[in-house]
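Asks: The amino acid sequence is not available; the structure is as follows:
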């Protein structure tokens, strides 16, 4: 579903080294050329060695693996046999169909070598062909770099694709394929977030209170395995911005039931308040909490300095420190998987862009810049979320006139469009479950 917008990034310092495990791509800081890779995927064979009626399967495998490796930004990919001699690596995928099963044998070769440095076999039901192809890409990258790609992960997002103008919660593969509608309330479902194990999704919808005379934002918990929803917070006022603790037992959220927008820690099972984390100061608004990967810190947005800035505090609310100082807003923080960086959206001029900063407040990096909408105005780029491997940041942009989902490498040099349709998408969150 996605299409590549621009290929500007040249991979971090690359070197080949032969060792007992074969060859690998070493990632450093300097930019240099990409690795030339020949992707060879012949037509699938069935049990009687005929390729009849198997080309659709081969085509799907070829497209998925090609797109995955292209998005990794590590390769110049050749699929024309006349170009294969130029390649530093050959990736060969042999496909065999057996009834309703698909079998793949994947081999990697260095230049003209006859012996493979990488070989692995896979088997899945034929209906899981696309997932199997993503598995091939993940394993191949892990063999080369020591870190798997993000290609088996999923995202959760609020979108109007089902019932415009209302919004529903959807999950989908990282590349926008296989969408699944989580909510069917014809409501304003928003601010979804995954639990760390991928088993639950918390989100906010509007519910009726006071015998139906008023509506109130309530926090809902969705069980992915059972497809069941239950309300865990419906205190008068706002109940939104959920962020799970790594153990899944608690959720940090914003509530205004005491009059001020503050961050609370609640039970993810019952919704009972376990601790009030922020208390102003001076009636300041504290919102959009994001729990660090080790659970020890909380990133959040606050206007306690008169303008909304990004802050970091201990998980009990102590030791708050300011990280940003933009002209306008800084909000929507999201942690990198290693806990060293925070992505966020900031309004420095008339529009929002995506930035990344180290948790000590240094190394501020702009990820998006200068895109314009059809009306000539600068586009808003918002709602960042890191991929499970930490190589990419996902966000939305309205540069096409609709809020679509994009990803970028964490240096901001390589950008790809994930959704390309007539709908709008808000607050995408990338699951860190990648299997």
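Replies: Cool, got the structure. Fair warning: this is a prediction, and the values are worked out from it, not measured in the lab.
Asks: Secondary structure of residue 137: a helix, I assume?
Replies: Yes. Using DSSP: H, G, I helix; E, B strand; the rest coil, the secondary structure at residue 137 is a helix.
Asks: ranges for the strands of the stretch 51-200 of the chain?
Replies: 75-78, 89-98, 101-110, 118-125, 154-159, 168-173, 180-181, 190-194, 200-209 (DSSP state E, counting those that start in this stretch).
Asks: List the buried residues in stretch 90-104.
Replies: For stretch 90-104, burial by neighbour count (16 or more other Cβ atoms under 10 Å) applies to 90-93, 95-97, 102-104. All C-beta atoms are positioned from the backbone trio N, CA, C, and that covers glycine.
Asks: Which pair in those residues has the greatest spatial separation?
Replies: 90 and 97 (23.2 Å; Cβ to Cβ).
Asks: Would you mind listing where the stretch 1-150 of the chain has pLDDT under the threshold?
Replies: 1-32, 48-54 (pLDDT under 70).
Asks: Kindly recompute the last result at 80.
Replies: The model of the stretch 1-150 of the chain has pLDDT under 80 over residues 1-33, 47-54, 85, 112.
Asks: so where do the helices sit in it?
Replies: Assigned by DSSP state H, counting those that start in this stretch, the stretch 1-150 of the chain shows helices spanning 55-71, 129-145.
Asks: If we go by neighbour counts, what in the last one is buried?
Replies: Translated: helix 129-145. For helix 129-145, by 16+ other Cβ under 10 Å, it's 129-141, 143-145.
Asks: Not counting that helix itself, show me its contacts.
Replies: Helix 129-145 is contacted from outside by 22-25, 27, 57, 60-61, 64-65, 68-69, 72, 74, 91, 93, 102, 104, 106, 108, 118, 120, 122, 124, 147-152, 173, 177-178, 434, using Cβ atoms under 8 Å, 6 or more residues apart in numbering.
Asks: Quick one: the helices of the stretch 1-150 of the chain as CSV, columns for distance to residue 348 too.
Replies: Formatted as CSV, the helices of the stretch 1-150 of the chain follow (distance: least, Cβ to Cβ, whole Å):
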stretch, distance to residue 348
helix 55-71, 28
helix 129-145, 34
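Asks: Out of these, which is closest to residue 308?
Replies: helix 55-71 (32.9 Å).
Asks: How far away from the center of its chain is the closest one?
Replies: Mean C-alpha position of helix 55-71 versus that of the full chain (Cα atoms, centre = their mean, to the nearest Å) differs by 21 Å.
Asks: Same question for stretch 391-404.
Replies: Relative to its chain's centre, stretch 391-404 lies at 12 Å (Cα atoms, centre = their mean).
Asks: From the opening residue of that stretch to its closing one, how far?
Replies: 20 Å (Cα to Cα, to the nearest Å).
Asks: same question, stretch 215-230
Replies: OK, stretch 215-230 end separation, Cα to Cα: 17 Å.
Asks: Identify the residues contacting it?
Replies: 169, 182-183, 198-209, 231-234, 236-240, 242, 251, 253, 268, 271.
Asks: What segments of the stretch 151-300 of the chain are helices?
Replies: Using DSSP H, counting those that start in this stretch, helices in the stretch 151-300 of the chain do not occur.
Asks: in it, what spans have low per-residue confidence?
Replies: Ranges of the stretch 151-300 of the chain meeting pLDDT under 80: 209-214.
Asks: just to revisit the earlier point, possible to save the buried residues of stretch 90-104 as JSON lines with distance to residue 224?
Replies: Below are the buried residues of stretch 90-104 laid out as JSON lines (distance: Cβ to Cβ, whole Å):
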{"residue": "90", "distance to residue 224": "39"}
{"residue": "91", "distance to residue 224": "33"}
{"residue": "92", "distance to residue 224": "36"}
{"residue": "93", "distance to residue 224": "31"}
{"residue": "95", "distance to residue 224": "31"}
{"residue": "96", "distance to residue 224": "33"}
{"residue": "97", "distance to residue 224": "31"}
{"residue": "102", "distance to residue 224": "26"}
{"residue": "103", "distance to residue 224": "29"}
{"residue": "104", "distance to residue 224": "28"}
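Asks: Identify, from those residues, the entry nearest to residue 396.
Replies: Residue 396 lies nearest to residue 91 out of the buried residues of stretch 90-104, by Cβ to Cβ, at 32.7 Å.
Asks: Just confirm the closest one contacts residue 40, I think it does.
Replies: Yes. With contact defined as Cβ atoms under 8 Å, residue 91 counts as touching residue 40 (6.9 Å).
Asks: in the sheet, who's paired with residue 252?
Replies: Taking DSSP bridges as the rule, residue 252 bridges to residue 243, residue 265.
Asks: Tally up the residues packed near residue 349, please.
Replies: Applying other Cβ atoms under 10 Å, we find 11 other residues in the vicinity of residue 349.
Asks: What residues does it make contact with?
Replies: Contacts here follow Cβ under 8 Å, 6+ apart; on that basis residue 349 touches 327, 378.
Asks: Ok, residue 188 next?
Replies: 166-167, 205-206.
Asks: cool, and residue 120?
Replies: Residue 120 neighbours (Cβ under 8 Å, 6+ apart): 105-106, 139.
Asks: Export these as a markdown table, with columns for distance to residue 311.
Replies: A markdown table is the format used below for the contacts of residue 120 (distance: Cβ to Cβ, whole Å):
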| residue | distance to residue 311 |
| --- | --- |
| 105 | 52 |
| 106 | 46 |
| 139 | 40 |
